[in-house]
Structure formats: structure tokens, C-alpha cells
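> Just to be clear, the model below is a prediction. Sequence and coordinates:
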Amino acid sequence: MKFNIPIGPQHPALKEPISLRMTVEGEIIRDADIRLGYNHRGLEKLAEERTWIQNIYLTERICGICSHSHTTCYVQGVEKLMEIEPPQRGLYIRTLVAELERVHSHLLWLGVAGHEAGFDSFFMYTWRDREVVMDILEMISGNRVHYAMNTLGGVRRDIDEGQRKHILDSLETLRARSEFYLKIGANEPTFVARLAGVGYLSKEKAMDLCAVGPTARASNVARDVRRDDPYAAYDETPFDVCTAETCDVLGRTVVRIKELFESYKIIEFLLKNLPAGAISVKAPTKAKPNEVLSRYEAPRGENTHYIKSNGTNKPERLKIRAPTLANYPATVEMLKNGFIADIPLIFAAIDPCICCAERTVETLDARSGEEKTLRFSELRKLADERYKKLSPKRNAVWPF
Amino acid sequence: MAVLKTLLYLIVYPGIIFLFVYSTFCEWFDRKVYARLQNRMGPTHTGRWGILQPVADFIKLMSKEDIVPDKADKTLFILLPVFGLAIVATAGLLLPLWHYSATEAGFNSFPGDIIVVLYLLSLPTLIFFLAGWSSTNVFSTIGGTRVLTMLFGYEVPLFLSVLTPAILAGSWRLAEIARFYQQTPALLLPNILGFFIALICIQAKLERTPFDIPHAETEIVGGTFTEYSGKKLAFFRLMTDIELVVSSGLIAAVFLGGFPGGVLLGLVNFVIKTLIVIFFLSLIRALTSRIRVDQVVSFAWKYLAPLAVLQLLIVILIKGLLL
């Protein structure tokens, strides 16, 4: 007997609204369909009405976890448009925050994976240790979520000797704890039984469907923007691209834990070789007419910003492609022929950030079932029409 | 006088009032142990060390809005929580505390009561299945079928492992089994394998991690209880708590030598021994991750059932050769 089960837009496994419609036969998924558009905020349109500087803080608010990823990606593009070169120390600090962010994002993901698999103890422990990184980030930038470190032409805050020492000390704790997680994640029998062989994505499929980030690397596709197209200080930093050959959720877990160790290595290198000098250069207010595509390896995978300038102090167009969006086609492939019990795990394994990925609105007519993809201008027209038709009403009634 | 005594058994101790108080305490204990193992505080606010938190939760749920879905089978939907509570409370009455006479059989202690307790503890599973099925919600239906699927896994090993000590004691009466092991405590040792099998099966019966599959929140929302709210949910939660007490009491009576010593000392024995069992259950809950329903069945038949048979074999050999 085939029937449909709706996962989302509201569901305990999803922290953000998205709709997964599963056609299941008994406990086995036969077909999956992903519907987006519950979290559209019109950021790209808004960006066209803000100045270059204001947009840094706008792009930061795309996501609460990879906030630094989006600003760095944007700032790098704009710096190319403005033809300015940030000083070396600025680049090092930018990379440092990026790696700290990767550590906190991966630790967060480990906890979420534990929770989705019903392993709440793992969730509690990883999130406790994530606080160590959060504290470091707060110490560097003054904020826990939106660090606001980037500015056009460098970074906004410097790192002093005391902070440097504190970070190096904390790294020791994190390293020891991560080793423990690697042991648990790859050895605890019930946990491994849930992860191994689940959500299989072959290397060919991962290439075909353009999977990015740890999802692709777990399918043995060694794809990493940090190595393939180095930005910031990555061309001077030694690190390895972690891959796994198991092509399943266990592989994605192992890749993320291994990346934690690489991140610790990078952070240590950056702090020990921090060059002296200024942290930023002054940026002009306008950019010449041009266009640029900026790539960035966010914790979840490749993040790209396409920026077009028209000679004014505002962008002509900003197009954002978040890593989650690139991983959706692969997710549908992974979900097919899996168990219902594996839906949250498979979906969580791409580390979805729905608010990052929402760029269009799809409307569904409740009566006819007709679907339409609407642009912002069309939505505005619809709204105007609706409010013109409505007669002015006075609903408020004074209760006394 | 006899009527008064029976009423005392039924209502105060070990009847519904004692079960309510002790089961809420056990829930608090379980939550606290679970939280401490996870490096959390657990309940702290209501009462000393948060000890009244489960009672507060119960009262809060009782005062919440109670919704019955339009498409649900209304009679069944409403009656199931009450039935379930009544069934597990009845099972609690059969535990050999102080209210039985050693020589003659009464309504709460008779030859074969161990089978009746096991039977009464099987019924909640059916209640959960019917609750899920009568809700007519997709998630509840899946939860309900998962309840039944799991039953096929753990029920046989549970029966085998709980009945082997009875075979060694040569009695089907809980009070006599307990007395047998009080007289020869050394014979508890051969049953150690059965004790751990029974622990795992009870964990599955109570639907706790790693067997919390029927109400795995990240997969199927509330599972069986998705449509339940208010008083009915409160009843179901109380039912699960009492089931925890009764099943750990059963394990303590069969594997840990029962509760000797009259009213007060017997109570102390009961509390200590059930808390030991519940501590083990909390430990399993904290240390494992939820497994899939097919993995439960294959695990139960690959490992638990053969081990239970091995335990039976050990007991038969001991009984034949030594006793």
C-alpha cells in the first residue's frame, strides 16, 4: 500500500520550514519531492537598494551559522570589483574566523546528527564543547552569531597576544574532545548501525548532481574550493582535503570530524604565522561597472555570490547560491529506497540551511492545485491588486 | 475488616496512590540520572531538587485542552488511556510486597500470577497500537504498526528470560519464587544472563531509547501519541511511568530476590531494588542511539532469543544435576 507522508513544513525533525513529500510503501520510501519557498525574505532584491558597505551586514543575516561565509564571499567579490587588495594580516584573521566558524558549524552538525538518530547524549556533549568555540568567537568579535568581522578591504578587529594564547590553549581541549567524538561516531554500535549504508550516493551520482561540500567529499569527490581556487590565506596554509569512500551518512560524519582536525591545524598555523601590519585598507565608495563570481568553501559546501556593479555605490545585482541548494538534487536521490526512519538522518546529513537556500517563491493554488513560480515584481503586483480590491474596513471596536 | 484491608491494598498501598507517588518519583529519578549522564542538570525547579516536576507535569497536562480528532474512532480513542492505566495498575497489585499470605492463595498472589503479570504487561503494547490506529493520523498509524512489529521481536525473549528463574524455583507464584531465592541467594547467580536479557526487553517494552521507535519524534512526530493531548496524554504518561515501576518490580522480584521484611523493610527493599533496575534502564537510554525497527527484530532474534534459550538450558542443567 502506497501512501504519502508529509515531512514539514512543520515537523520536529526540521528546524526550519521546508516540505518533503514522501511516497512510502510500508517503511520504505519510493519517491521524494522537495518543496521550497517557506522562508523567502527577498534579500537579493533588498541588496540592490543598499550601499556596498550596508550589504555586508545584510549578507551576514542570510544565515545564523555560516554568517561569516556569506560576508566573506560577498566582500571578496566586491574587493575584486573595487580593485583593492586587503593586507596580509587582515586576510589571515579573516581565514581564522572562517575556520573557527567551520569548527562551530561542524560541532553543531554532529549534535544535530546525534539528535536525529535519537542519540541525545551525543547531542548534549557536542553542543557543550561547541561553547568553547563560541566563546573564542565572542572574544574575537564581541558576538556569538553575527561576528561582523569583515569589511571592504580587510577586517574590523585585530587579534592581540592574549587572545592568540587563549585560542591556542582552547584548541587543545577541542582536539581531545574531537578525538572522543571520532571514537564514538565511528564505533558506538547502535549509532553506527543507524548511519552505515544509509543515504547512499555513488561517486558518479555525486558528480552528476553537483553535490558540494562534505556531502560530495563523503562520496570520494575531492572537491574543495579552499584548495581548488584558493582565496584569503588558504594558498599559504597547509591542509588536506578529507574524503571518505563509504558514500553514506557514516562517511559524511567521519568527513566532518576529520575536517575538524584539519581546521584545528589551520587555526594553529594561522596563529603561529600571523604577519604584522595593518588589518585593512580604505575602500572606495563606488565600483566600476563590472561583474564577478566569488566562490567560498562554507562549512556546508561551496557558496557562490555573483555580483554586478554599475558604477554607483550600490550593486546592480547580487545573486547568491548557497551550498544547501546545490545539495537538494542529491538529497532526493539519497532518500529514494531508504527507510522512513532514515529521512531525518539523510536530510540532516547535507547539513541543510533552508533560510540560506530560499531564493524564489512558489505559490500553490489551494483550490486548483496549480503551481506557479513568482518573481518579486509579480508578487508585488498581486499584492497591489489585492489591496486595491479590498474596501477600507474599520475592524477595531472599542471594548467599553 | 477483610474488606477494609482489601480496600487499603487497592487504594493506598500498593494500590493506586502508592503507584502514583512512586511512579512519579521514578520518572524524576530516571530523568535526573539521564540528565546527569548527559552533563545536564535535569529538573531542579519544582520542589527540592525538582522532585515534584513529574507531578507538576501531570497536573499541567490534566488542565490542558483535550482534543479528539474528527475522524478518530471516538469511543476507542477516549477509553484506551483509562483502560491502559487500569491494566498496569492491576499488574502492580500482583507484585509480592506485603499484602499476601505465604500459605494460602489470595486475589493478589496465586500460582501462575507471574504469567498474569506478564500478560497484563503485554496489553499496554496492544493499547498503544490501538491508540495509534484509532487516531487515523498517518504518523500515528506508522507508530502503531511499529509498536506491533517491535512486539514480535522482544516478547519471546522477555517471556523466556523471566520464566527461567521460575523454573529453577519450581513455582509459578511470584511470592514463592522470591522466597526461594531469599533462602538460597547463591542461585541468583546463574540467572545473571537472563537478568540482562530481561532488562533489554523491558527497555523495548517501555519504548525507551534505543527502542523509542514508535514515537521517534524526529521521524514520525509524536508517533502513537501524535493526536493525544490533555488528560488523555497525561493518563498515557502516567501509564508508562507505572509500567516502568511494575516491570522493574517484576524483574526485582524474579531476579533480585524479591522484597522480604514486612511492611517497612519490604518497602525499603522494593525502592532500592527497583531503583537499581531503573538506573540500569536509564544507563542504556543515555548510552545508545535509536535503532531501526527492522534492526530491533533481527537483534532480538539473532542475539536475545538464542541467549534466552541458553539461559533456559543452564537452568535446566543446574536443576537436573545439582538440586
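Yep, it's here. Numbering: from 1, shown residues only, chains lettered A, B, ... in the order given.
> what does chain B put close to chain A?
Within chain B, the positions near chain A by C-beta under 8 Å from any C-beta of the partner chain are B:37-40, B:138-139, B:142, B:209-210, B:212-213, B:216-221, B:286-295. C-beta here means a position set from N, CA and C on the backbone, and glycine is covered the same way.
> Report the contact partners of A:P9.
A:P9 is in contact with A:17-19, A:38, counting by C-beta atoms under 8 Å, 6 or more residues apart in numbering or on different chains.
> Turn those residues into CSV, columns for neighbour count and pLDDT.
What follows is these, written out as CSV (neighbours: other C-beta atoms under 10 Å in any protein chain shown; pLDDT from 0 to 100):
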residue, neighbour count, pLDDT
A:P17, 17, 84
A:I18, 24, 84
A:S19, 18, 84
A:Y38, 18, 81
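> and these, which of them are in strands?
A:S19 (DSSP state E).
> want to throw the contacts of A:P9 into JSON lines with distance to A:I28?
As requested, these are exported to JSON lines (distance: C-beta to C-beta, whole Å):
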{"residue": "A:P17", "distance to A:I28": "26"}
{"residue": "A:I18", "distance to A:I28": "22"}
{"residue": "A:S19", "distance to A:I28": "20"}
{"residue": "A:Y38", "distance to A:I28": "27"}
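> Rebuild the contacts of A:P9 as JSON lines, extending it with distance to chain B.
Conversion of the contacts of A:P9 to JSON lines gives the following (distance: C-beta to the nearest C-beta, whole Å):
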{"residue": "A:P17", "distance to chain B": "15"}
{"residue": "A:I18", "distance to chain B": "14"}
{"residue": "A:S19", "distance to chain B": "14"}
{"residue": "A:Y38", "distance to chain B": "18"}
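> What is the nearest of the contacts of A:P9 to B:F20?
Distance to B:F20 across those (C-beta to C-beta) is lowest for A:P17, with 40.3 Å.
> OK, contacts around the closest one?
Per C-beta under 8 Å, 6+ apart, neighbours of A:P17: A:8-10, A:38-39, A:354.
> Which single residue of chain B ends up nearest chain A?
B:R290 (2.6 Å; C-beta to the nearest C-beta).
> what helix or strand is that residue on?
Following DSSP states H and E, one finds B:R290 outside all helices and strands.
> What count of nearby residues applies to it?
27 (other C-beta atoms under 10 Å in any protein chain shown).
> Contacts only, for it.
Counting by C-beta under 8 Å, 6+ apart, B:R290 makes contact with A:117-119, A:190, A:194, B:209-213, B:216.
> what's the pLDDT at it?
Listed pLDDT for B:R290 reads 87.
> Give me the contacts around stretch A:209-229.
The contact list for stretch A:209-229 (C-beta under 8 Å, 6+ apart) reads A:201-203, A:205-207, A:231, A:234, A:239, A:241-248, A:251-252, A:254-256, A:259, A:295-302, A:323, A:326-327, A:329-330, A:333, A:349-351.
> For it, measure first residue to last.
End-to-end distance of stretch A:209-229 (C-alpha to C-alpha, to the nearest Å): 21 Å.
> Return the distance of the closest residue to A:L96 other than its chain neighbours relative to chain B.
Excluding the flanking residues, the one nearest A:L96 by C-beta to C-beta, 6 or more residues apart in numbering or on different chains is A:L270, at 4.8 Å. Per C-beta to the nearest C-beta, to the nearest Å, A:L270 is found 31 Å from chain B.
> likewise A:E161?
According to C-beta to the nearest C-beta, A:E161 stands 33 Å off from chain B.
> Give me every residue in the stretch 301-400 of chain A lying close to chain B.
So the stretch 301-400 of chain A meets chain B at A:339-344 (C-beta under 8 Å from any C-beta).
> how about TSV for those residues, with secondary structure, neighbour count and pLDDT added?
Shown next, in TSV, are these (DSSP: H, G, I helix; E, B strand; the rest coil; neighbours: other C-beta atoms under 10 Å in any protein chain shown; pLDDT from 0 to 100):
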residue	secondary structure	neighbour count	pLDDT
A:F339	strand	19	86
A:I340	helix	22	82
A:A341	helix	25	81
A:D342	helix	25	85
A:I343	helix	25	85
A:P344	helix	26	85
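> Pipe those residues into CSV and attach distance to B:L188 per row.
Shown next, in CSV, are these (distance: C-beta to C-beta, whole Å):
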residue, distance to B:L188
A:F339, 41
A:I340, 42
A:A341, 38
A:D342, 42
A:I343, 45
A:P344, 43
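> about what we covered before: from the contacts of A:P17, which land in helices?
Judged by DSSP state H, the contacts of A:P17 include A:I354 as members of helices.
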